[in-house]
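Student: what would the 3D arrangement of this be:
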Amino acid sequence: MVMNQRARVLLQPAYVLHRRPYRDSSLLLDVFTPEFGRVGLVARGARQAKSRSQGLLQAFCPVLLSWSGAGELATLAAVESGGPARWLSGSALMSGLYLNELLARLLHRFDPHPELYTAYETAVAALACGTAGAPLEPVLRIFEKHVLAGLGYALVLEHEAGSGRPIEAGQLYAYHLGAGPVRWDDETAAAPADALLIHGASLLALARERFNEVNGLREAKRLMRAALAVQLGAKPLASRRLFTPTAGGAVSS
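Tutor: Modelled structure (predicted):
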């Protein structure tokens, strides 16, 4: 999808996923919006000393954007605050950058995902709580689940593939990407080459978005990593290099 030549968009809610300098005083923006998905914008003069917009065009700050133009790159006409900024630091900041890169890598231009936009807002708010010490790993796993669902690759988490039987918390399953979980009764045997082993309790925790055990988070992370790798391809995520594994940290890779 390409923007119509006469397109005029007024006060669209948005978040900046990425920004970089452009020419002497401008910025190139990659923004995420509920109605237009990812949009590329030129913010002319935004880097000038007297520009008010540069302070607003920051990651994790909700804004209202107006723009016009055609093709892959439109021209930013105005920017207003869309609510209080959420300042992330430490592991919460690195986690936020990971979320932004996921969206930038996996979403097409002008492909709207209003439900995913809401999930992103929820995740950013939760990461802001993480800056104050709240757990971050569940935030990442839940958002990854919503990303896959938004792309049309929702995971099967509450029933067995084929039989349709409800997942049992105490049962072990072999999860086949693209199909779903199949009961696996031999806990001493290795998983099939095209699957990974995961407990029913971990699948249900991800489905219900409530994690109570470290093992559930660990298994959910392995599942999400494998599912996202199919969509991301061979090129690694740059944001994953920022993480250092720590107990209870926000490592997502």
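
Student: show me what the strand or helix carrying Glu80 is packed against.
Tutor: Assignment of secondary structure by DSSP states H and E places Glu80 within strand 73-81. Packing partners of strand 73-81 (3 or more CB pairs under 8 Å, 6 or more residues apart in numbering; DSSP states H and E): strand 37-43, helix 53-56, strand 63-68. (C-beta placed from N, C-alpha, C; glycine too.)

Student: nearest residue to Gly82 in space, please, no chain neighbours.
Tutor: Spatial nearest neighbour of Gly82, chain neighbours left out: Pro62 (3.6 Å); criterion: CB to CB, 6 or more residues apart in numbering.

Student: distance of the spatially most central residue of the chain relative to Pro112?
Tutor: Among the residues of the chain, the one closest to the centroid is Leu99, at 3.8 Å (CA atoms, centre = their mean). As judged by CB to CB, to the nearest Å, Leu99 and Pro112 stand 18 Å apart.

Student: list the buried residues of stretch 214-222.
Tutor: 216-217, 219-221 (16 or more other CB atoms under 10 Å).

Student: how about these in JSON lines, adding secondary structure and distance to Ala126?
Tutor: As requested, the buried residues of stretch 214-222 are exported to JSON lines (DSSP: H, G, I helix; E, B strand; the rest coil; distance: CB to CB, whole Å):
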{"residue": "Gly216", "secondary structure": "helix", "distance to Ala126": "18"}
{"residue": "Leu217", "secondary structure": "helix", "distance to Ala126": "15"}
{"residue": "Glu219", "secondary structure": "helix", "distance to Ala126": "21"}
{"residue": "Ala220", "secondary structure": "helix", "distance to Ala126": "16"}
{"residue": "Lys221", "secondary structure": "helix", "distance to Ala126": "17"}
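
Student: still on that earlier bit, list the helices and strands the helix or strand hosting the residue nearest to the centre of the chain packs on?
Tutor: Under DSSP H and E, the secondary-structure element containing Leu99 is helix 90-106. Taking 3+ CB pairs under 8 Å, 6+ apart as the contact definition, the neighbouring helices and strands of helix 90-106 are strand 8-22, helix 114-131, helix 137-150, helix 214-232.
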